[in-house]
Every structure is written in structure tokens, then in C-alpha cells.
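# Kindly generate the corresponding structure for this input.
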Amino acid sequence: MTTTGPRTTGRTAGQAAVLPTCRQLQVLSGVARGYKNVEIAGHLHVARPTVQRHVDRLGKSLGTSERARMVAIGYERGWLARLSPEPREWVVLTGRCQDVLRLIAEGKSNEEIADGLHLSVNTVKSHVRRILDVLQARHRAHAVALAYQHGHLRRRPDPHPAHSVPAARAA
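Now for the predicted structure:
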């Protein structure tokens, strides 16, 4: 199987605007659904290392290795807009949990969240566990996806429309 990297189109602030490949979007959708690499590989009929390579390449082009941040970028740029919301009952998150969730979506580690919110790392871990439990999420990236799907996080208007996937590619 031959893979290519993400396409670039135009330039924004000195950097090429990234458009993920169709396969990278499929893999990112699987991550957003809470699937593990082996599950994504099974759905796409590819080897597990192939899934990891797609995640790594997408992460490199987006400047992050954090899957939660990749999912957030996918929602912010509209790449995951067609991903139907997972059925969940409406839940209320405390203000502190919303703060932690927002920082998870920014790709922050527990230590960085603790420093930014002036909390202990153990307190942050407790908040993360509570978020995962309340949202019924499998991992941090899944929690971010559910938060976008159900309105706990909002898509910000993209100041660089070149980052968006054209309608024909967003399948």
C-alpha cells in the first residue's frame, strides 16, 4: 500500500495550509470515535502499523503528537463536521471540568494543565477521570470529540479558510 502525505494548498503566515489525505481523515474519524489503532485497522482493512503511520504523518503536519489536539483541529477546521454525533444523554460539566477539557483539546499534558490551572497533577487526573466517566469516553481524544459533538466545546470560526477541506473531499 502506497501512502502519500497530506496535500498542501496555499500559504498561511509563512506555513503551508494542510489538507489531510482521505485515509488520514478516515483514521482521524476512527480516533474521534474512540477506537484503538487495531480497531481502526480492522474497519479500514489495513495493518495496525499503517494506522499509526497515518496518525504520525497527520500529527507531524499539524505540529502535534497529541491525538486529542488532532481531533480538536479536525473539528475546528471542519474536517469532522460530517461525523454524526454519538448518542449520549446531555450531561453538565462543572466549570473546572470544562477548563480541563478545553486544555485537553489544546493538547496539554496533565502536568501542563496542573500548572496552568494552579492545581495538583492528582487533582487534574481526577478531573480527567470524571470527564471520561461523565462523557462515557474511551480516552482523551474521544472525550474531545464528544465535547464538540454535544456542545461542551465550540468550533471557532477559521480565520484561514484554506485550512478547510472542500466539500468534495470531506467524505
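
# Just list the residues touching the closest residue to E106 other than its chain neighbours, thanks.
With Cβ to Cβ, 6 or more residues apart in numbering as the criterion, E106 has its nearest non-adjacent residue at 6.5 Å, and that residue is R69. C-beta: built from backbone N, CA, C; applies to glycine. Going by Cβ atoms under 8 Å, 6 or more residues apart in numbering, R69 touches 62, 105-107.

# In strands, which of those residues appear?
For the contacts of R69, not one is inside strands, with DSSP state E as the criterion.

# Looking at those residues, state which has the most neighbours.
The most crowded member of the contacts of R69 is A105, carrying 25 neighbours; neighbours defined as other Cβ atoms under 10 Å.

# Now do the contacts for the residue nearest to the spatial centre of the chain.
Nearest residue to the geometric centre of the chain (Cα atoms, centre = their mean): V71, 1.1 Å. By Cβ under 8 Å, 6+ apart, the contact set of V71 is 28, 31-32, 80, 105, 141, 144-145, 148.

# need those in CSV with pLDDT and distance to D56, can you?
Rendered in CSV, the data for the contacts of V71 read as follows (pLDDT from 0 to 100; distance: Cβ to Cβ, whole Å):
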residue, pLDDT, distance to D56
L28, 97, 12
V31, 97, 12
A32, 97, 17
L80, 94, 19
A105, 97, 20
A141, 97, 15
V144, 97, 19
A145, 96, 19
Y148, 94, 23
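
# could those residues go into a markdown table alongside distance to V128?
Supplementary listing: these in a markdown table, determined by distance: Cβ to Cβ, whole Å:
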| residue | distance to V128 |
| --- | --- |
| L28 | 21 |
| V31 | 17 |
| A32 | 18 |
| L80 | 22 |
| A105 | 12 |
| A141 | 12 |
| V144 | 12 |
| A145 | 15 |
| Y148 | 17 |
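
# Who wins on neighbours among those residues?
Neighbours here mean other Cβ under 10 Å. Within the contacts of V71, the largest count is held by V144, at 33 neighbours.
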